[in-house]
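Visitor: here is my input; please provide its structure:
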Amino acid sequence: MALLTLLSTLYQSMGPIIPPGLASCLASAFVGDSKHLGAFRHEFVGTLLMIGFTFSPGKWIGRDSLVIAWIAHAIGVVASDRIGGGPHVNPSVTISMFALGKCTYTEGYVRIMGAMAGGLVAFPLYAALADALGLIRLGGPEFDPKDDEGGSAAGFSEFCAMVLLMFLIYAVNWELNFGKYHYWIKQSLTAVGIRYLIETFPRAGPAINPMLATTWYIFVHGDYPAHPGFYFAYWIASVTGAIFASCMYVIYAGGTVFGLTLPLGPIKGGAEVESSKKTK
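Guide: The predicted model follows:
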C-alpha cells in the first residue's frame with residue numbers, strides 16, 4: 001500500500017512536466033522482447049543530437065552569417081548520424097525503409113517511437129539549456145491554419161520536399177559510391193540537400209519530418225494537435241511522399257513495395273541488359 005501511495009505521489013508530481021506521449025514511446029522500446037532496443041536507443045540519441053546540432057545554426061551559431069549557419073548545419077547532420085549510430089530520425093524515412101523491405105514492421109515501429117521520444121525530450125531540454133545560458137530558444141516547424149485552413153499548401157510543400165529527400169537518400173546511400181571517403185561525402189551531400197530543401201520549401205516551417213512537427217507542437221502547446229490540417233500536412237502528405245518515392249525507386253532499381261511487385265520497371269536492370277546486348 002505504501003508503495004502504491006509513493007508511486008501515485010510521484011505520478012502526480014511528475015505528470016505535469018512529462019510531455020504527453022513520452023511514457024508510451026519509452027514503453028515501446030521493449031516491444032518484440034527488446035529485440036530492437038538498440039534501434040530505439042539509436043533513434044532516441046540521434047534525434048536528441050540532430051535537433052541540437054541542426055536547429056542551433058542560425059540561432060546559437062552563425063546568426064549573422066548564412067555561410068557559417070550552413071556549414072554548422074552540415075557538421076550537425078554528419079555528427080548526429082555518426083554519434084547516434086546511423087538513425088533514421090524521421091518516421092517518413094522509416095516507413096520508406098519498411099516499404100522497401102529494409103526493416104521489419106516491428107523495427108520500424110520501435111524506430112518511430114524512439115525518434116518521437118527523442119523529440120519530446122529534446123525541445124524542453126534545449127529550451128532549459130537556452131534559458132540557463134542566456135541563449136535564444138530554438139524554434140520549430142509550424143504552419144498557420146488560419147492562412148491554410150486544410151493544410152493543403154503546407155501538405156504539398158511537405159510532400160514535394162519528402163519526395164526529393166528520399167531520392168537524395170536513395171542516391172547517396174545505394175546508387176553512388178565515393179570509395180574510401182564514401183560515408184563522409186554522402187553525409188555531407190545529405191546535409192547540403194536537407195539545408196537546400198529547408199530553404200526551398202518553407203511553407204510548412206518546414207518540417208520534412210512528422211516527428212519534428214509533432215514534438216515541437218506538443219512542446220509549445222502542451223498537448224497533441226487538434227487541427228486536422230496539421231495531420232494532413234505533416235503526416236499524411238509526408239508519409240505519402242515517402243511511399244511515392246519508394247515506388248519510383250522500385251520502378252528504377254527493382255524490388256518490391258510493401259512486398260508487392262510493381263508492373264513497371266526496373267529501368268536500371270533493363271538498361272544494364274540492353275547495354276550488355278549491345279556489347280556482344
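Visitor: which of the residues in the helix or strand hosting residue 40 are buried?
Guide: Take DSSP states H and E as the rule and residue 40 turns out to sit in helix 37-55. By neighbour count on 16 or more other Cβ atoms under 10 Å, the buried set for helix 37-55 is 39-55. Where C-beta positions appear, they are placed from N, C-alpha and C, glycine not excepted.
Visitor: list the contacts for residue 160?
Guide: By Cβ atoms under 8 Å, 6 or more residues apart in numbering, the residues touching residue 160 are 201, 241.
Visitor: list the buried ones in the helix or strand it falls within?
Guide: Per DSSP H and E, residue 160 falls inside helix 152-170. The neighbour-count check on helix 152-170 (16+ other Cβ under 10 Å) flags 153-170 as buried.
Visitor: how about the spatially most central residue of the chain, nearest residue that isn't a chain neighbour?
Guide: Centre of the chain computed as the mean C-alpha position; nearest residue by Cα atoms, centre = their mean is residue 90, 1.9 Å away. Among residues not flanking residue 90 along the chain, residue 209 sits closest, at 4.6 Å (Cβ to Cβ, 6 or more residues apart in numbering).
Visitor: state the pLDDT value of the one you found.
Guide: Looking at residue 209, its pLDDT stands at 97.
Visitor: who's in contact with it?
Guide: 89-92, 238.
Visitor: distance of it from residue 25?
Guide: 16 Å (Cβ to Cβ, to the nearest Å).
Visitor: same check, this time on residue 206
Guide: Residue 206 sits 23 Å away from residue 25, going by Cβ to Cβ.
Visitor: next: residue 132.
Guide: 25 Å.
Visitor: looking at those two, which one has more neighbours?
Guide: residue 25 (24 against 8; other Cβ atoms under 10 Å).
Visitor: that one is in contact with residue 119, isn't it?
Guide: No - the pair residue 25 / residue 119 is not scored as a contact, 9.2 Å apart, by Cβ atoms under 8 Å.
Visitor: over to residue 257: give its phi and psi.
Guide: phi -120, psi 120 (degrees, to the nearest 10).
Visitor: can you count the residues close to it?
Guide: 18.
Visitor: what's near enough to touch it?
Guide: 99-100, 243, 246-247, 250.
Visitor: what's the answer for residue 249, then?
Guide: 100, 166-167, 170, 255.
Visitor: export the residues you listed to JSON lines and tack on pLDDT and distance to residue 223?
Guide: Formatted as JSON lines, the contacts of residue 249 follow (pLDDT from 0 to 100; distance: Cβ to Cβ, whole Å):
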{"residue": "100", "pLDDT": "98", "distance to residue 223": "34"}
{"residue": "166", "pLDDT": "98", "distance to residue 223": "31"}
{"residue": "167", "pLDDT": "98", "distance to residue 223": "35"}
{"residue": "170", "pLDDT": "98", "distance to residue 223": "36"}
{"residue": "255", "pLDDT": "96", "distance to residue 223": "40"}
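Visitor: check those and tell me the two furthest apart.
Guide: Across those, the longest distance by Cβ to Cβ is 15.3 Å; it joins 167 and 255.
Visitor: what comes up buried for stretch 241-257?
Guide: 241-243, 245-253, 255, 257.
Visitor: how close does the residue nearest to the centre of the chain sit to residue 46?
Guide: The gap separating residue 90 from residue 46 is 10 Å, by Cβ to Cβ.
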